[in-house]
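[1] Give me coordinates for this.
(chains A and B)
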Amino acid sequence: MLFDLFLTFFKIGAFTFGGGYAMLPIIQKEIVEKKGLISEEEFMDAIALAQASPGPVAVNTSVYVGYRILGFKGALSATLGAVLPSFIIILLIAAYFIQFRDNLIVEKVFSGIRPAIVALILAAVYKMWIKTKRTYLKLFVAIGTIFIIIFIGISPVWVVIAGAVISVIYHRFIIKADEG
Amino acid sequence: MSFFKIGAFSFGGGYAMLPLIEEEVIHVHSWITTSEYIDILAIAEMTPGPIAINSATFLGYKVAGVLGSTVSTLGVVLPSFIVMSMIFHFVFKFKNSPYVDWIFMGIRPVVLGLIAAAAISVGRTTFVDIPSVLIAVLLFYIVAFKKFNPILAIVVAGALGIVFY
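    Residues are numbered from 1 along each chain as shown, chains lettered A, B, ... in the order given. Below is the predicted model of the structure:
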């Protein structure tokens, strides 16, 4: 099981082109959909915490998901699995293939992969949205977040914290007041 | 140590780390030049794995060989690992508290927005021609609606890149 977790994250690490977010659709497929190790909601919680903490989102998500599945050992093997492919590939490139990025085929392959990453990340968001209890309020918050990040440029950390604080105030005072 | 510091302060993912890395390795320690740094970034983006890990491994190798890359990669990963462990224990301890529930209810839709925003900002520089839009639309369709495996999708996209460009 431990080795299985390591292998799964190794696979995830090896196919994450274009930064940490590209890892999310693959984690979703392997850990949530195929193996059912965590639920879609727990996956979202993990991403939220990973976003709001320092460090690469991909590493943070691996640590949290690993913990959730198998405790400390799980976190260790998931993180190692996620990081090792990068480490090995970069070492090989740094040592032997400095010309790698000038290769024409590599250039073409990446022209194809770059738009694909955007599509995969959006597909992951779509799948998460489909599986939540959908309300207009949630849709409003999600779209609002997009606007805040893209047009105002506030750090995601603050938006996550604001979401948490507003939700606590809403549930603690406003809903309570309605019942009372 | 430098990379531990960088790892500890880069909130919001790998890209947030890049200005910090630049400051430390070029200006504070002068381990590499700016143009070497740009080459390293290009390679870090083209290889699988988080950008921060890739550039840390590469920089570490340039500065001090295999040992250097091991140390710098550990430096980036360790703060994440420590902080996330603490967060996990904290959440686990209070998981029955309604406050934890409320906090998560509040941040789940925010997370959807954050991820979508990340995809959109990457997309603004990615969709430069018709083939790139076609590839994205096709892959979104097969992954979101046809349960196509994302790893296979990346392989398909790479092949399409060779065909189109």
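[2] per-residue confidence at residue B:138?
    At residue B:138, the pLDDT value in this model is 90.
[3] do you know how far the spatially most central residue of chain A is from residue B:134?
    In chain A, the centroid-proximal residue (Cα atoms, centre = their mean) is residue A:24; its distance is 3.8 Å. Relative to residue B:134, residue A:24 is positioned 23 Å away (Cβ to Cβ, to the nearest Å). Quick note: C-beta positions are derived from backbone N, CA and C, even for glycine.
[4] any idea how far residue B:144 is from residue A:125?
    Taken as Cβ to Cβ, the span from residue A:125 to residue B:144 is 9 Å.
[5] Which one of those two is surrounded by more residues?
    Ranked by neighbour count (other Cβ atoms under 10 Å in any protein chain shown), residue A:125 and residue B:144 place residue A:125 first, with 24 against 19.
[6] Need the per-residue pLDDT for the more buried one.
    So residue A:125 comes in at 86 (pLDDT).
[7] quick one, what contacts it?
    B:112, B:115-116, B:119 (Cβ atoms under 8 Å, 6 or more residues apart in numbering or on different chains).
[8] quick one: buried residues of stretch A:47-60?
    A:47-60 (16 or more other Cβ atoms under 10 Å in any protein chain shown).
[9] what does stretch A:69-82 give?
    A:69-70, A:74-82.
[10] just the CA coordinates of that stretch, formatted as PDB?
    C-alpha atoms of stretch A:69-82 as PDB (Å, rounded to 0.1, in the frame of the first residue of the first chain):
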ATOM      1  CA  ILE A  69      -4.400   8.200   3.400                       C
ATOM      2  CA  LEU A  70      -1.600   6.700   5.400                       C
ATOM      3  CA  GLY A  71      -0.400   9.100   8.100                       C
ATOM      4  CA  PHE A  72       3.200  10.200   8.300                       C
ATOM      5  CA  LYS A  73       4.600   7.400   6.200                       C
ATOM      6  CA  GLY A  74       2.000   8.100   3.600                       C
ATOM      7  CA  ALA A  75       3.000  11.800   3.500                       C
ATOM      8  CA  LEU A  76       6.700  10.800   3.200                       C
ATOM      9  CA  SER A  77       6.200   8.400   0.300                       C
ATOM     10  CA  ALA A  78       3.700  10.600  -1.500                       C
ATOM     11  CA  THR A  79       6.100  13.600  -1.400                       C
ATOM     12  CA  LEU A  80       9.100  11.500  -2.400                       C
ATOM     13  CA  GLY A  81       7.100  10.000  -5.200                       C
ATOM     14  CA  ALA A  82       6.000  13.400  -6.400                       C
END
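[11] Contacts for it, please.
    A:1-3, A:5-13, A:23, A:31, A:37-38, A:58-59, A:62-68, B:49, B:77, B:81, B:84-85, B:88.
[12] Check the offset of it from the chain's centre.
    Averaging C-alpha positions (Cα atoms, centre = their mean, to the nearest Å) puts stretch A:69-82 16 Å from its chain's average.
[13] Tell me how many other residues crowd residue B:139.
    Neighbours around residue B:139, by other Cβ under 10 Å: 26.
[14] which non-adjacent residue is nearest it?
    residue A:119 (4.1 Å; Cβ to Cβ, 6 or more residues apart in numbering or on different chains).
[15] Equivalent analysis for residue A:56, please.
    Taking Cβ to Cβ, 6+ apart as the measure, residue A:56 lies nearest to residue B:50, with 4.0 Å between them; neighbours along the chain are not counted.
[16] got a pLDDT number for the one you found?
    pLDDT, read off for residue B:50, is 78.
[17] quick one: it from residue B:30, how far?
    Counting by Cβ to Cβ, the gap from residue B:50 to residue B:30 is 25 Å.
[18] The two: who's more crowded?
    residue B:50 (34 against 8).
[19] I'd like the distance between the more buried one and residue A:38.
    20 Å.
[20] same check, this time on residue A:147
    Applying Cβ to Cβ, one obtains 30 Å for the distance of residue A:147 from residue A:38.
[21] now swap in residue A:144 and tell me
    27 Å.
[22] what about residue A:154, how many residues close to it?
    Neighbours of residue A:154 (other Cβ under 10 Å): 12.
[23] thought it was touching residue A:145?
    No. With contact defined as Cβ atoms under 8 Å, residue A:154 does not count as touching residue A:145 (9.8 Å).
[24] where does the chain dip in pLDDT?
    Just so you know, I chose chain A. Where chain A drops to pLDDT under 70, the residues are A:18-20, A:97-102, A:175-180.
[25] meant chain B, my bad for not saying
    Looking at chain B by pLDDT under 70, you get B:1-25, B:28.
[26] So which residues of it form strands?
    Read by DSSP state E, chain B holds no strands at all.
[27] Now do the helices in it.
    Ranges of helices in chain B, per DSSP state H, are B:2-9, B:14-22, B:34-46, B:51-93, B:98-126, B:130-144, B:150-164.
[28] Over to chain A?
    Counting by DSSP H, the helices of chain A are A:2-14, A:23-27, A:40-52, A:57-96, A:104-131, A:136-147, A:156-169, A:176-179.
[29] Just the angle for the fifth one relative to helix A:136-147, thanks.
    Helix A:104-131 runs at 150 degrees relative to helix A:136-147, counting by axes from the mean of the first three to the mean of the last three Cα atoms, to 10 degrees.
[30] Can you tell me the closest non-neighbouring residue to residue 118?
    All of this refers to chain A. That would be residue B:123: by Cβ to Cβ, 6+ apart, it lies 4.4 Å from residue A:118.
[31] my bad, chain B
    Counting by Cβ to Cβ, 6+ apart, residue B:118 lies nearest to residue A:21, which is 5.0 Å off, once chain neighbours are set aside.
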